[in-house]
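Engineer: one predicted model, sequence on top.
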Amino acid sequence: MLEGLYLAEAQQAEIQQHGLLHTKVAGKYETVQVLPKEAGTFDELFQYADAYGNVRFAYLSDVHQASASVSKEEKRASAIGGIMGVKSAEYKGFSFNAAAYISQSIGFLNPDKEKLNGDFVNLDQDSFAYLGEASLNYEDEMFEVKLGRFQVETPYANSDNIRMVANSFEGTFAKVNYSDALSSQFIYLQRWAGYDSQDTESQDVFKELSEDSQGMGIASLSYTYAKNSELSFWYSHADALSTMAYAEVVGIYFIDGDDFHLDYGVQYSSINELEDSNIAGDVYGVMSILHYNGLFLGAAFNKAFVEEDNTITDGFGGGPYYTSLDEATIAAMSEASAGQHIEAYRIGGGYDLKQIGSGYLNGFMLELAYGKLESETKSVIEKDVILTYEMGEHWYVEGIYTNFHAAYEDNKFDRTLLRANYSF
């Protein structure tokens with residue numbers, strides 16, 4: 001939910017902006033939190049505990065064609081799971097949170113292992129369940145602290161919740177609120193788990209951020225100059241990989257009430273290698289999304305300047321860049337074109353179907369996106385269609401169709417992802 005500059009709280013709460021184009025707008029580095037109950041005694045700390053969760057059913061179909069001379073191959077998967085957690089009450093500012101991350105493969109709906117898509121299972125092609133979050137927390141008006149396992153949302157380390165469960169991290173987190181408008185975050189991350197963490201180990205295993213790394217330190221300073229409009233600076237030090245300085249101005253400008261407004265953003269990242277990692281470069285980006293009634297149209301551009309054999313990075317998660325699509329990112333393009341500059345464009349639009357006037361369409365949002373990423377020798381084109389449906393406070397259903405073509409290796413695929421989420 002994105003809130004406006006000059007509207008009252010009640011009006012702001014009605015502005016809903018979902019879909020791919022809005023994943024990089026104001027508020028993207030804030031996590032939604034439910035305040036715990038207050039306990040009067042230590043014994044009540046767990047007596048007043050609350051269960052919460054996001055139950056998810058997902059279906060995935062990938063149809064690949066590695067080359068024009070090879071026939072298409074489909075891999076499918078279905079799973080049920082999500083996040084099941086419990087939050088203790090709060091006693092003198094202290095509380096405890098724990099959550100299991102679950103993906104249970106649905107055998108009778110899935111094909112044989114040879115044709116099973118591996119995105120919902122571990123590297124052994126098995127279902128999984130693990131303790132994704134387990135943190136001791138403290139919070140008052142000025143400070144917020146977490147120790148243990150938790151989700152974070154930063155430019156180069158984030159949850160990137162694109163499959164069954166989100167990325168989560170192990171370390172320490174602190175936030176300082178100097179005033180209503182000015183705040184800082186101080187984070188140290190040592191290990192992580194989740195879909196993006198897979199390499200030689202499964203997504204359900206907490207592992208070091210990178211080989212021989214002592215972890216990642218992050219510091220930020222954010223200034224909210226208007227409601228949901230922010231100027232921020234982030235500095236990240238990923239041991240043995242790179243340092244990443246990131247600055248951004250992002251917000252919403254209302255032209256005529258809540259029906260006519262403009263989302264905007266400007267970003268810059270300077271990445272410098274550590275220990276000859278060859279991860280270095282400078283990335284510039286701009287984006288805007290114009291809204292009128294239920295219709296929105298947007299465009300984004302990124303330019304990455306990369307020298308010699310270097311590449312840029314998404315960090316640990318989906319990355320901060322405005323032109324990121326469902327599959328393609330400029331970091332992936334950079335890895336395929338080491339030492340080359342990268343340009344990326346993304347255009348798209350969408351429509352809130354409730355504007356048509358039928359009550360049956362309330363909650364439906366349709367969105368289309370087109371992106372092209374180019375290096376000096378390679379290019380990628382991606383087209384996405386996203387349909388989402390929000391029903392009440394608990395149900396959220398999404399369908400994403402992705403058409404991806406990496407011309408430089410003649411790699412094509414069509415992917416359909418369906419997810420139904422029930423939150424409580």
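Structural biologist: Received, thanks. Note that the coordinates shown come from a computational prediction; the quantities given were computed from them, not determined experimentally.

Engineer: which strand or helix spans residue 303?
Structural biologist: Using DSSP states H and E, residue 303 maps to strand 295-305.

Engineer: name the residues that touch the helix or strand that that strand is followed by?
Structural biologist: For strand 295-305, the succeeding helix or strand toward the C-terminus, using DSSP H and E, is helix 330-336. Helix 330-336 has contacts (C-beta atoms under 8 Å, 6 or more residues apart in numbering) with 281, 283, 302, 304, 306, 311-314, 319, 321, 323-324, 340, 342, 344, 373-375, 378, 380, 406, 408. Where you see a C-beta, it was placed from the backbone N, CA and C, and this is true even at glycine.

Engineer: buried residues in helix 330-336?
Structural biologist: Residues of helix 330-336 classed as buried: 330-334, 336 (neighbour count, 16 or more other C-beta atoms under 10 Å).

Engineer: could you export those as a markdown table, including distance to residue 119 and pLDDT?
Structural biologist: As requested, the buried residues of helix 330-336 are exported to a markdown table (distance: C-beta to C-beta, whole Å; pLDDT from 0 to 100):
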| residue | distance to residue 119 | pLDDT |
| --- | --- | --- |
| 330 | 22 | 96 |
| 331 | 19 | 96 |
| 332 | 16 | 95 |
| 333 | 21 | 96 |
| 334 | 23 | 97 |
| 336 | 21 | 94 |
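
Engineer: for residue 197, what are its contacts?
Structural biologist: Contacts of residue 197 (C-beta under 8 Å, 6+ apart): 167, 203, 207, 316.

Engineer: farthest-separated two in the residues you listed?
Structural biologist: 203 and 316 (12.8 Å; C-beta to C-beta).

Engineer: for residue 90, what are phi and psi?
Structural biologist: phi -110, psi 130 (degrees, to the nearest 10).

Engineer: wait, it sits on residue 140?
Structural biologist: No. When contacts are counted by C-beta atoms under 8 Å, residue 90 is not listed as touching residue 140 (10.1 Å).

Engineer: so the two - more neighbours on which side?
Structural biologist: Neighbour count, other C-beta atoms under 10 Å: between residue 90 and residue 140, residue 90 has more, with 20 against 10.

Engineer: buried members of the contacts of helix 330-336 into PyMOL, please.
Structural biologist: Buried members of these, defined by 16+ other C-beta under 10 Å, are picked up in PyMOL with:
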select buried, resi 281+283+302+304+306+311+312+313+314+319+321+323+324+340+342+344+373+374+375+378+380+406
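
Engineer: surely residue 250 and residue 229 touch.
Structural biologist: Yes. Between residue 250 and residue 229 there is a contact under C-beta under 8 Å: 7.1 Å.

Engineer: point to the residue nearest the middle of this structure.
Structural biologist: Taking C-alpha atoms, centre = their mean as the criterion, residue 160 is the residue nearest the geometric centre of the chain, at 3.0 Å.

Engineer: for that residue, what is the enclosing helix or strand?
Structural biologist: Residue 160 is part of no helix or strand, with elements assigned from DSSP H and E.

Engineer: residues contacting it?
Structural biologist: Contacts of residue 160 by C-beta under 8 Å, 6+ apart are 166-167, 194-196, 317-318.

Engineer: then residue 141?
Structural biologist: Residues counted as contacts of residue 141 (C-beta under 8 Å, 6+ apart) are residue 177.

Engineer: for it, helix, strand, or coil?
Structural biologist: coil (DSSP: H, G, I helix; E, B strand; the rest coil).

Engineer: how much space between it and residue 152?
Structural biologist: Note on residue 141: its distance to residue 152, by C-beta to C-beta, to the nearest Å, is 21 Å.

Engineer: go on, residue 388?
Structural biologist: 25 Å.

Engineer: between the two, which one's more packed in?
Structural biologist: A count of neighbours by other C-beta under 10 Å puts residue 152 above the other of residue 388 and residue 152, at 22 against 19.

Engineer: isn't the more buried one up against residue 187?
Structural biologist: Yes. The pair residue 152 / residue 187 is scored as a contact, 6.1 Å apart, by C-beta under 8 Å.

Engineer: any common contacting residues for the two?
Structural biologist: residue 173.

Engineer: who's in contact with the closest residue to residue 238 other than its chain neighbours?
Structural biologist: Of all residues not flanking residue 238 in the chain, residue 216 sits nearest, at 4.5 Å (C-beta to C-beta, 6 or more residues apart in numbering). For residue 216, the contacting residues are 156-157, 187-190, 209, 236-239, 316, by C-beta under 8 Å, 6+ apart.

Engineer: low pLDDT regions in the stretch 201-350 of the chain?
Structural biologist: Of all residues in the stretch 201-350 of the chain, none has pLDDT under 70.

Engineer: just the contacts of residue 197: which are in strands?
Structural biologist: Using DSSP state E, the subset of the contacts of residue 197 located in strands is residue 207.

Engineer: quick check, nearest of the contacts of residue 197 to residue 367?
Structural biologist: residue 167 (23.7 Å).

Engineer: partners of the helix or strand that contains residue 347, with directions?
Structural biologist: For residue 347, the host element (DSSP H and E) is strand 342-352. Strand 342-352 pairs in its sheet with strand 295-305 (antiparallel), strand 364-374 (antiparallel), by DSSP bridges.
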